[in-house]
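1. test case, fold it:
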Amino acid sequence: MAVLLLALLPIPPKLSKSSKADQHQRQINADILRDVFELIFAPLQDPAHDGVPIDCADGKVRRCFPILAAWIADHMENVALHGIKSNVCPRCEVPAVELGTNMKVYPVRDYAIYHHYDYENWIGETDHADITPESLGIRLGQNVFYGLNRVSPSDLHKPDMLHTVYLGLFKHMMDWIQGFLKKHGRLEAFDEVWKALPPYPGFLVPKKAYREVTQWQGKEMRNLGRCVLGVLAVALRQPGSAQLIPFKRALGCVRALVDFNMMAQYRSHTAETITYMEDYLDTFHKMKDIFLEFRVTKRIRAKIDEQRRELRHDRPKTRERIAPSKRRRMRDAEREEETERRMDLIFCESHFNFIKMHLLSHFCDHIRQFGNIAMYSTEFGELAHKTQIKAGWRQSNKNDTSRQIVQSYSGQHGIRMRLLNLQSLRCCGADLSPDVVLQLYTTSTTTAPDIRRRMLKGRWDNVCNMANFRPVLGISIQIICRGLIRYSRHNLPPERRLPEDPEILESLPVELLKQLEIPVLVFQETEIYDIHRARCMGAQL
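-> Numbering: from 1, shown residues only. Model (predicted):
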């Protein structure tokens, strides 16, 4: 995906401690953000309204209407751009109390109707007095996309795998699993299996238990989705009679969410795969109640503490002497009463009505309209941020950095576009000067890769060829030669195969054994391979 840097948005100042001043500052921030986006979108308004002639691939010129088709951002960025509350969906009118359900389809947001209703309420001539911006969870006038020609702001929202699934649902799910395992005494078994996972190409082996890591990145949570179901299944093996049904429901809930995530990563879909996704999502919502008691928020914890204080305050205080055995029975009864009251309060107050739970319901509709989800993830923007923002900041003199970052990237992008145009002209047979041709051969249009690498420790001295490497492994040179020949025949193309003469193999440099290139088919591809590099760390070649 091509990502171009257009502008850097201003950073709003920090809010003060006064609620009235905070409200005034928030309004100023929203107005400035809307003015900046009006300046950015201004070149799109006239072409979207009147159209412009564009050269098409078949050589004809057609009148086209270029419009803004999508906006890739996480949910909190959409909250600021659409002018909505944090627990409101930017696409549909789902009530806040139904975010955790998957029951029905809600109407799409239409800001033109909202402005019309607001005007009718203002003049007092309306039949929709109950429909107000506050009831809808929006702030009229703060949507930066409202007013764009031929654009509906609700259609710009796109599913985000990174923040919705990896850093959202997976993180919540792991918190629920940790509480579930602790309740049933299986947390230690889960940690042991988690740390004992074997290596595999493309899989990052965890070195610590999940609860020992304080912060998880997106790629680590994506890696977690590949193994969490198997680890949980091993940790919950051999259940007791009372644990059989809870363990089965917990595994079914986790399996449904993992399967939904795997299907959402497909680059192409059919009606059958979309049906699979809908079934997995329905199964997840049906079985998620097994984790309801572990969905305890700060507000619920505060109510639990208040309830405990009230119970202890209302208990009669006896001054008569009580036998120790009776005192223990009374304390056990009081403890059971507190636990029962606490569980009743948790089941009464806990819910799954948070926004990332609801955003999963839009994945299938998005696939039907746009084909897939993977190319709309914010991961592409995060990667572009490193090369387009951080690299320019490092090269600046730290004075007026925003202008220097934009100018630096614009210059690099312009040079690359010119080189691509010159290469296209040369391929078409254009007569270019020798200096230009030489420049094309010596200049690359792609960014040079980062050459920094982690230095490995524990290297062996005085090991330069295969003969010196044999004592390190502790095996005979004949076994090494047979392994190399077998690997060369089965995995390397004819032009890169190793010689099969043992004397020549003994004199080969030892660097050949430091890293083996293993071709692995790319997901949903038949002829494209990813090269995974595996280091030789033991006696097996």
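2. per-residue pLDDT, M161?
-> pLDDT, M161: 92.
3. you'd agree it is up against M263?
-> No - in this structure, M161 is not within contact of M263 by C-beta atoms under 8 Å, at 11.7 Å. No exception for glycine: its C-beta is placed from N, CA and C like everyone else's.
4. assign a three-state SS to the nearest residue to D118 once chain neighbours are set aside, would you?
-> Leaving aside its chain neighbours, D118 sits nearest to L140 (5.8 Å; criterion: C-beta to C-beta, 6 or more residues apart in numbering). Three-state call for L140 (DSSP: H, G, I helix; E, B strand; the rest coil): coil.
5. what is the burial count for L140?
-> Applying other C-beta atoms under 10 Å, we find 15 residues neighbouring L140.
6. and it, what does it touch?
-> By C-beta atoms under 8 Å, 6 or more residues apart in numbering, the contact set of L140 is 83, 111, 114-115, 118, 133.
7. just W393 next, same as before
-> Listed by C-beta under 8 Å, 6+ apart, the contact set of W393 reads 401, 405.
8. what's V406 sitting at in phi/psi?
-> As for V406, its main-chain torsions (degrees, to the nearest 10) stand at phi -70, psi -40.
9. number of residues surrounding it?
-> Residues lying near V406 (other C-beta under 10 Å) number 17.
10. looking at it, it is touching Q388, isn't it?
-> No - in this structure, V406 is not within contact of Q388 by C-beta under 8 Å, at 9.4 Å.
11. overlap of the contact sets of those two?
-> Residues within reach of V406 and of Q388 at once, by C-beta under 8 Å, 6+ apart, are L5.
12. about what we covered before: measure the residue nearest to D118 to R109 for me?
-> Taking C-beta to C-beta, to the nearest Å as the criterion, L140 is separated from R109 by 12 Å.
13. same check on M417?
-> Distance from M417 to R109, counting by C-beta to C-beta: 38 Å.
14. the helices in the stretch 151-300 of the chain, which residues?
-> Remark: helices assigned in the stretch 151-300 of the chain by DSSP state H, counting those that start in this stretch are 161, 170-183, 187-195, 218-224, 228-235, 244-264, 271-287, 298-314.
15. send me the longest one as PDB with only the CA atoms.
-> Extracted as PDB, the C-alpha positions of helix 244-264 are listed here (Å, rounded to 0.1, in the frame of the first residue of the first chain):
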ATOM      1  CA  LEU A 244     -16.200 -30.200  32.500                       C
ATOM      2  CA  ILE A 245     -18.800 -27.800  31.300                       C
ATOM      3  CA  PRO A 246     -17.000 -24.500  32.200                       C
ATOM      4  CA  PHE A 247     -13.800 -25.800  30.500                       C
ATOM      5  CA  LYS A 248     -15.700 -26.800  27.400                       C
ATOM      6  CA  ARG A 249     -17.400 -23.400  27.200                       C
ATOM      7  CA  ALA A 250     -14.200 -21.500  27.800                       C
ATOM      8  CA  LEU A 251     -12.400 -23.400  25.000                       C
ATOM      9  CA  GLY A 252     -15.400 -22.900  22.700                       C
ATOM     10  CA  CYS A 253     -15.400 -19.200  23.300                       C
ATOM     11  CA  VAL A 254     -11.700 -18.800  22.700                       C
ATOM     12  CA  ARG A 255     -11.800 -21.100  19.600                       C
ATOM     13  CA  ALA A 256     -14.600 -19.000  18.000                       C
ATOM     14  CA  LEU A 257     -12.700 -15.700  18.500                       C
ATOM     15  CA  VAL A 258      -9.400 -17.200  17.200                       C
ATOM     16  CA  ASP A 259     -11.200 -18.700  14.200                       C
ATOM     17  CA  PHE A 260     -12.900 -15.400  13.400                       C
ATOM     18  CA  ASN A 261      -9.500 -13.600  13.600                       C
ATOM     19  CA  MET A 262      -7.900 -16.200  11.200                       C
ATOM     20  CA  MET A 263     -10.700 -15.900   8.700                       C
ATOM     21  CA  ALA A 264     -10.600 -12.100   8.900                       C
END
